[in-house]
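[1] got a predicted structure plus its sequence, pasted below:
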Amino acid sequence: MSVIIVFFLIGAIAFAYWKYYTYVAKYPTGPRPLPIIGNALQVKYGSRGHTHFAEQFGGLFTIFQPAPTVQITDYALIKEAFIDNGEDYVDRSNLPGVEYIFNYCKNGGVVKSSGPNWREQRRVSLTILRDFGMGK
């Protein structure tokens, strides 16, 4: 009976690892995360914390802290993502409780807004930046 329980536990752990790494494979390449803690042991926090990942994986990589965070560090990729394809980034995920910490109003601010509110702020920001000479 104990042999069956051991095989069941090994199979459950193997299945959990397989599910986790198929979930990780959906995102751009990056350092290989560990289950539950992600890349917490590999990230060097500070002013240049992700530069070694940018050098290793290019200008686009994913860090799991433990939720996935896609990092864009190359200027050309940032311009392509947010200026050329800005409408693809209208909606943002909302983590529970984050809105109460960082925002004084629902769906407000520059960082955590989404949907039509974010679209309006993006349009106004790009107009102001272009008036100051961005892109010339």
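    Here it is on my side, so go on. Residues are numbered from 1 along each chain as shown.

[2] okay, now W118: neighbour count?
    As a burial measure, W118 scores 20 neighbours (other C-beta atoms under 10 Å). Every residue, glycine included, has its C-beta placed from N, CA and C.

[3] repeat that for K44.
    10.

[4] measure it to V24 for me?
    Going from K44 to V24 by C-beta to C-beta, to the nearest Å gives 21 Å.

[5] again with I37
    Relative to V24, and taking C-beta to C-beta, I37 is found at 13 Å.

[6] so between these two, which is more surrounded?
    When I37 and V24 are compared for neighbours, V24 comes out ahead with 17 against 12, by other C-beta under 10 Å.

[7] nearest residue to the more buried one other than its sequence neighbours?
    P33 (6.2 Å; C-beta to C-beta, 6 or more residues apart in numbering).

[8] what do you get for H50?
    H50 sits nearest to Q71 (C-beta to C-beta, 6+ apart), 5.9 Å away.

[9] neighbours of the residue nearest to T29 when sequence neighbours are not counted, how many?
    Spatial nearest neighbour of T29, chain neighbours left out: F57 (5.5 Å); criterion: C-beta to C-beta, 6+ apart. Other residues lying near F57 total 18 when counted by other C-beta under 10 Å.
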